[in-house]
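1. Sequence first, then the predicted structure:
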Amino acid sequence: MQSEIIVSGFGGQGALFAGQLLAYAGMDAGYHVTWIPSYGPEMRGGTAHCTTIISDDEIGSPLVRHPSAAIVMNAPSLDKYEPLIAPGGVLVVNTSLTARKPTRADITIVEVPANAIAEELGSAKLANMVLVGALLAAANFLSVEALEAALEAHLPPRHRKLIEANRQALRRGASIAATVRQRGVETLVMT
């Protein structure tokens, strides 16, 4: 098993944190992992993306041309990464910040109004965890419990008060994706 995940959005949306948390969860579960962040000089408001690879074998290269999965948190990320996903892969789209629908027919598309769900949970900053939860339910390479354990083990002391909110966001994203997936829908649309 080797899962290559791109997480992309604007700086400040938590794309890098989401990818890093996936890497920690994979590492804690005994997998080989890489995590490569990339961000523009603007930081907040600029572009930010990362590549996370989780594998049960050694990873030959941390560079990925055609990821098996991507979380796109805004419209520019959708435009950039939708064409690059490997056939049979998973694309998780934050519909709160994207106007157009994805067009690929050879991948699983999970559409989630992540910002709206995060606001319901109390903070727009939880949108990244809602999307990660949806990815986990759609791609099945790690469990939500593995991510929750990674939060507990690796979140710095100054952010420990946010663990429960992040858990709720992960579970909400995963439960929505799992519910729709059980209905046998190819394109998963979250409401």
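-> It's in. Numbering: from 1, shown residues only.
2. any chance you could map the strands in the protein?
-> Using DSSP state E, the strands of the chain run over 2-10, 32-39, 47-55, 69-72, 90-94, 108-112, 187-189.
3. Quick one: those strands as JSON lines, columns for distance to A169 and mean neighbour count too.
-> Glycine gets a C-beta too; all of them are placed from N, C-alpha and C. Output for those, formatted as JSON lines (distance: least, CB to CB, whole Å; neighbours: other CB atoms under 10 Å):
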{"stretch": "strand 2-10", "distance to A169": "15", "mean neighbour count": "24"}
{"stretch": "strand 32-39", "distance to A169": "20", "mean neighbour count": "16"}
{"stretch": "strand 47-55", "distance to A169": "18", "mean neighbour count": "23"}
{"stretch": "strand 69-72", "distance to A169": "13", "mean neighbour count": "28"}
{"stretch": "strand 90-94", "distance to A169": "13", "mean neighbour count": "29"}
{"stretch": "strand 108-112", "distance to A169": "11", "mean neighbour count": "24"}
{"stretch": "strand 187-189", "distance to A169": "17", "mean neighbour count": "18"}
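4. now these in CSV, with mean pLDDT?
-> As requested, the strands of the chain are exported to CSV (pLDDT from 0 to 100):
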stretch, mean pLDDT
strand 2-10, 92
strand 32-39, 89
strand 47-55, 90
strand 69-72, 96
strand 90-94, 93
strand 108-112, 90
strand 187-189, 44
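5. With distance to E148 added, can I get these in JSON lines?
-> Shown next, in JSON lines, are these (distance: least, CB to CB, whole Å):
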{"stretch": "strand 2-10", "distance to E148": "18"}
{"stretch": "strand 32-39", "distance to E148": "17"}
{"stretch": "strand 47-55", "distance to E148": "16"}
{"stretch": "strand 69-72", "distance to E148": "18"}
{"stretch": "strand 90-94", "distance to E148": "19"}
{"stretch": "strand 108-112", "distance to E148": "19"}
{"stretch": "strand 187-189", "distance to E148": "22"}
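6. Among these, which comes closest to H154?
-> Proximity to H154 (CB to CB) singles out strand 32-39 among the strands of the chain, at 11.9 Å.
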